Every structure is written in C-alpha cells, then in structure tokens.
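1. this one's sequence-less:
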Ligand code: FAD
C-alpha cells in the first residue's frame, strides 16, 4: 500500500503503527537475521501498516536490506519501506536501485541524504535529499517519505532554515515526514506548528525510541541533536548499570510520551525497534 493511502485510511481513534529495523551486523551465519524475523513476527499482533529498513552509508548493506524488504513483504505480508541515502552514490546507481525496487513490487521509499562520510571521497551527483526526492519522482512511481528534525538537523543554521529545506522536499513530492527520535513532546508540537506555518501539510510521524540501554541512548543522542529531559536523564544516569530499571523506566516514559501524542491526534507512531520486540511490544500493549 502507498504511503498516502496508509495515512489517509487511518482509523480516526488509532494512530498508524510502523516500525524501523536495520540489517543485522556481523551476521555471517544468518542467525541474527532469523532472530529479527522472530521479533518482528511477535510485533505483528499490533497490526503495523509499515516496516522500514535502514540503509548503510554508501550502500554498505544494500544486499541485506533487499533481502529483509523481500521477506517483510512475502513472509510478514506487511508493507516494507526501504530507506535510501544518496550522498555517496552516483545518479546512475540510484536509477538502477529504483528499478530493482520497482521490479520487487516495492511502493514506498524513505529518501535521505545520509551523513557526509569523513575522510572519504563523496559523489557529488546529489548534495541534498530534496534532489533525491526529485529524481525518485521523475524516474519511478514510488511514493516518497523524508526525514524531519523536531530539534533541527545537526548541521542546520536554525530550525526555521531546516524547515524551509524540509518544505522543499515536500514540494518535490514527499508524501510523509518521519521524525528523528525525540524525548520531549514540546519539541514535536512546536515543530509541527512551525511546519504548518511554512505550508507543510504532509503527515509528520513522530519517531519513538524506547530507551532500553543507557549507553545506547548516550551514543544515539551524541550523533544527533536531541534533548533528554533532565528528570529522565538523572533517573537513568543514577541507575545506568541496572538493566531492568533502565528498561522499565524507558517503557514507562515512552508509553506516557506516546499517549500524549495520540491524545494530540498524531497520524502515526514510528518505533525505532532496534530489532527487538520487547520494549516496543510492551509500550503498544500499554497503549492499545
Ligand atoms: P537533507 O534533507 O538533505 O538535509 C541535510 C542538511 O542540509 C540539513 O541541515 C538541511 O537543513 C540542509 N539542507 C537541505 N537542503 C539544503 C539546501 N538546498 N541548501 C543548503 N542546505 C540544505 N541515515 C542513514 O545513513 N541510513 C538510514 O537508513 C537513515 N535513516 C533515517 C531515518 C530517519 C527517520 C531519520 C530522521 C534519519 C535517518 N538517517 C539515516 C540519518 C540521515 O541520513 C542524516 O540525518 C543526514 O545527515 C541528513 O539526511 P536528510 O535526508 O535529512 O538530509
């Protein structure tokens, strides 16, 4: 099903549920891939409308991504959405990849620039995701999603400038915006309001990261500009070695966060599952 259809046919009381997974690393014997599908099968009971699959910088895991995408469609009977980054890829390769996806019957794609690789030659065919969106719309029939940053992208001069460029991605044909993770809903609400003022009408789907590990949280938030509310940070920091405490606190926090977003009428919730069922499953059981 195409993105537009997924979000326009949303049940008025319930948000559209979607998950993000990544191709497992160092998986020579394929066991981690099998485990990923065990986890995803458990999450099917919450009737996800979409499962997105991340893309390694420069296409490092393209083969694994495609394998997962195929299995989401054929085994889980769920709509897959491959991510795709353009920063280190030539226009020719992009067109080939789009053809491959269409031949597999894929209908949606998350179009990204990707992080600029350090100390590496980058291909300059595309500098920004908006150019990739334009190319996808010209070369394929795929429905396109893009990334949005409630607290501003780390390179952006200001949140307003960032939203200005986000509007360009929507004007070039993006149907839906998925946000970077955030913990303070105020940032999401302010961002959504600003986007509306800029004339962005595409659904803005909040990206939710259930905290399950303090070190992972610190690593992820150091990579992007994300504010962790002091109260949450202090709680987690005081028990950083207590795995059960971190998990339970993360689930409790994300449940409240999601409930507030649902009450505010968001179109969907996109869970960064980190390839695990437990936390996302608990949160959804608490909510639905
Ligand atoms: P863009 O929209 O191109 O923006 C990048 C920066 O350039 C921003 O600061 C923007 O303000 C600025 N900008 C945009 N257009 C212009 C212009 N015309 N002139 C001047 N400045 C401009 N990364 C991966 O490697 N793989 C993934 O699978 C992946 N999935 C993601 C999923 C989501 C939901 C999100 C939020 C991020 C994901 N990322 C992923 C990370 C993403 O690739 C990085 O955040 C990257 O640095 C920016 O990508 P973008 O598509 O937002 O870039």
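-> Thanks, I have the structure now. Quick caveat: nothing in here was measured; it's all calculated off a predicted structure.

2. Endpoint to endpoint, stretch 45-61 covers what distance?
-> Length of stretch 45-61, first residue to last, Cα to Cα, to the nearest Å: 28 Å.

3. in it, what counts as buried?
-> 46, 48-56, 58-59, 61 (16 or more other Cβ atoms under 10 Å). No exception for glycine: its C-beta is placed from N, CA and C like everyone else's.

4. what does stretch 151-166 give?
-> Quick answer for stretch 151-166 (16+ other Cβ under 10 Å): 151-153, 156, 159, 162-163, 166.

5. How much space separates residue 188 from the ligand?
-> 13 Å (Cβ to the nearest ligand atom, to the nearest Å).

6. ok, which stretches of the stretch 1-150 of the chain are helices?
-> 3-8, 31-43, 62-74, 91-103, 129-139 (DSSP state H, counting those that start in this stretch).

7. now the third one and helix 91-103, what's the angle there?
-> Relative orientation of helix 62-74 with respect to helix 91-103: 20 degrees, computed using axes from the mean of the first three to the mean of the last three Cα atoms, to 10 degrees.

8. which one of the helices of the stretch 1-150 of the chain lies closest to residue 281?
-> helix 31-43 (5.9 Å; Cβ to Cβ).

9. quick one: contacts of the closest one?
-> 19, 21, 23-27, 51, 64, 67-68, 71-72, 75-76, 273, 275-277, 280-281, 284 (Cβ atoms under 8 Å, 6 or more residues apart in numbering).

10. possible to save the buried residues of stretch 45-61 as TSV with distance to residue 81?
-> Below are the buried residues of stretch 45-61 laid out as TSV (distance: Cβ to Cβ, whole Å):
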residue	distance to residue 81
46	17
48	11
49	10
50	5
51	7
52	4
53	7
54	10
55	11
56	16
58	20
59	17
61	16
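
11. so which two of these are the farthest from each other?
-> Of all the pairs that those form, the one spanning the most space (Cβ to Cβ) is 46 and 58, at 33.3 Å.

12. moving C-terminal of the lengthiest strand in the chain, what's the next helix or strand?
-> The strand that spans the most residues within the chain, counting by DSSP state E, is strand 174-181. Of the helices and strands lying after strand 174-181 in sequence (DSSP states H and E), the nearest is helix 185-197.

13. Now do that next one: everything it contacts.
-> 148-151, 159-160, 163, 166-167, 177, 179, 182, 204, 206, 227, 257, 260-261, 264.

14. so residue 133 sits right up against residue 175, yeah?
-> No. Using Cβ atoms under 8 Å, residue 133 is not in contact with residue 175, being 10.1 Å away.
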